[in-house]
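In: Sequence and predicted structure below; questions after.
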Amino acid sequence: MLESVSSTVSFHPQALICEIRSGLKYFGDIDAIHDKVNEPLSEALKQLSLADYFLYAACPTVTGSLLLARSGIIV
């Protein structure tokens, strides 16, 4: 599912980290990437009886992205 937008996906507690820098040129921007993965991820979350939404952020560093996403600020 995420492999369609990122060649590198890693798992963290309550988070998925995707490297998207190279995909930005192909997809256009973070919102286009979100639109591409939103439905499949939401469906997978529902099947696991989890909230059917996710927060996301794009930053130069993994730590920055995690902090922004967890704060609810979509950047």
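Out: Here it is on my side, so go on. Numbering: from 1, shown residues only.

In: Please count neighbours and contacts with C-alpha atoms only from this point.
Out: Will do.

In: For the helix or strand in which S10 is found, enumerate the helices and strands it packs against.
Out: Assigned by DSSP states H and E, S10 falls within strand 9-12. When contacts are defined as 3 or more C-alpha pairs under 8 Å, 6 or more residues apart in numbering; DSSP states H and E, strand 9-12 packs onto strand 15-18.

In: Buried residues, the strand it packs on. List them.
Out: I17, C18 (16 or more other C-alpha atoms under 10 Å).

In: ok, and what's touching whatever helix or strand comes next after it?
Out: Per DSSP H and E, strand 15-18 leads on to helix 21-27 as the next helix or strand towards the C-terminus. Around helix 21-27, the neighbours that count as contacts under C-alpha atoms under 8 Å, 6 or more residues apart in numbering are V5, S6, I30, I33.

In: got the buried residues for the strand holding S10?
Out: So for strand 9-12, nothing qualifies as buried (16+ other C-alpha under 10 Å).

In: Pull up the pairing partners for that strand, direction included.
Out: Partners of strand 9-12 in the sheet, by DSSP bridges, are strand 15-18 (antiparallel).
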